[in-house]
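Peer 1: quick check, what structure comes out for this input:
(one chain, ligands or ions: 1)
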Amino acid sequence: MIDLVDASFGYRHRPVVTGATLAIRPGERVAVVGPNGSGKSTLVKGVLGLNDHLGGQVRLFGTPADRFRQRHLLGYVPQRHTVSATVRATAGEVVASGRLPRLGLLGRPGRADRAVIAECLAVVGLGDAVHREVADLSGGQQRRVLIARALAAGPEVLVMDEPTAGVDAANQVVLAEVLGRLVERGVTLVVVTHEIDPLASLLTRVVTVDTGRITGDVPAPGRA
Ligand SMILES: Nc1ncnc2c1ncn2[C@@H]1O[C@H](COP(=O)(O)OP(=O)(O)OP(=O)(O)O)[C@@H](O)[C@H]1O
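Peer 2: Just a heads-up that it's a prediction; the model follows:
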């Protein structure tokens, strides 16, 4: 699904991650760990085409990244605690924005799209929040709205940047349950995280990044 060979990524032509070789297969649940500033976000953003690809190969679903057009197959939950306090929108509207890549020429959601949007909110445990303003939701709930938004396009791989950061213990359990439901549906997960423990039962593999390099790639604890 994701295949990097000696790949480098960075910003404004300055490399941050170099020599990254990594293959992620369907059904894997991969944690990306490492110190602050080591390049974890840069690595996953590079896979998603959100920064500069400065060298090496990136293939997505078997296609070189620069020719890959099925972007909806890769969902992304960015590193951000909340949606945005400056945007007034309902949870349903935010999730609908994630459906845009799958809408037809008219760009208006039909009945089937609305059903997908409702289902995505249900998967993240917010089935009753479709008409609620996101600004009125807690930080953990807003994080789950962002996961639902990423799911709305029907991705096969979900890349999440620190989904549990800044979320209290109770909500971490809820988030882990949400991710467990995604795993049951066969979604492949790539999760940048500082906290492996809340996700331990889900993970199959742990990739370590340090000073811009992949320095470790091992089965998750208990899977060796
Ligand atoms: N948009 C950007 N423009 C320029 N440099 C950036 C940008 N984003 C990150 N960097 C730099 O890239 C390096 C790695 O940052 P990155 O966010 O990938 O690390 P990280 O491992 O995800 O860190 P954290 O755990 O703190 O989120 C840092 O030196 C950072 O300053």
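
Peer 1: let me see the contact set for the residue nearest to Val33 when sequence neighbours are not counted.
Peer 2: Take Val33 and drop its neighbours on the chain: the residue closest to it by CB to CB, 6 or more residues apart in numbering is Thr208, 5.5 Å away. From N, CA and C alone the C-beta is placed, and that goes for glycine too. When the contact criterion is CB atoms under 8 Å, 6 or more residues apart in numbering, the partners of Thr208 are 32-34, 214-217.

Peer 1: which of those are buried?
Peer 2: Using 16 or more other CB atoms under 10 Å as the burial test, the contacts of Thr208 include 32-34, 214 as buried.

Peer 1: wait, Val44 sits on Leu158?
Peer 2: No - applying CB atoms under 8 Å, one finds Val44 not in contact with Leu158, separated by 11.0 Å.

Peer 1: find residues that contact each of those two.
Peer 2: Applying CB under 8 Å, 6+ apart, one finds that Val44 and Leu158 are jointly contacted by 76, 190.

Peer 1: which one's more surrounded, those two?
Peer 2: It is Val44, of Val44 and Leu158, that has more neighbours when counted by other CB atoms under 10 Å, with 25 against 22.

Peer 1: which other helices and strands does the helix-or-strand element of the chain with minimal mean pLDDT contact?
Peer 2: For the chain, using mean pLDDT, DSSP states H and E, the weakest element among its helices and strands is helix 169-184, scoring a mean of 86. Packed against helix 169-184, as judged by 3 or more CB pairs under 8 Å, 6 or more residues apart in numbering; DSSP states H and E, are the following elements: helix 111-123, helix 139-151, strand 188-192.

Peer 1: buried sites along the following helix or strand past the shortest one?
Peer 2: Okay, so that is strand 188-192. On the C-terminal side of strand 188-192, the closest following helix or strand by DSSP states H and E is strand 205-210. In terms of neighbour count (16+ other CB under 10 Å), strand 205-210 has its buried residues at 205-209.

Peer 1: of these, closest to Thr21?
Peer 2: Compare each of the buried residues of strand 205-210 with Thr21 using CB to CB and the shortest gap goes to Val207, at 10.8 Å.

Peer 1: will you turn the helices and strands packed on helix 169-184 into JSON lines that also has mean neighbour count?
Peer 2: As requested, those are exported to JSON lines (neighbours: other CB atoms under 10 Å):
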{"stretch": "helix 111-123", "mean neighbour count": "17"}
{"stretch": "helix 139-151", "mean neighbour count": "24"}
{"stretch": "strand 188-192", "mean neighbour count": "24"}
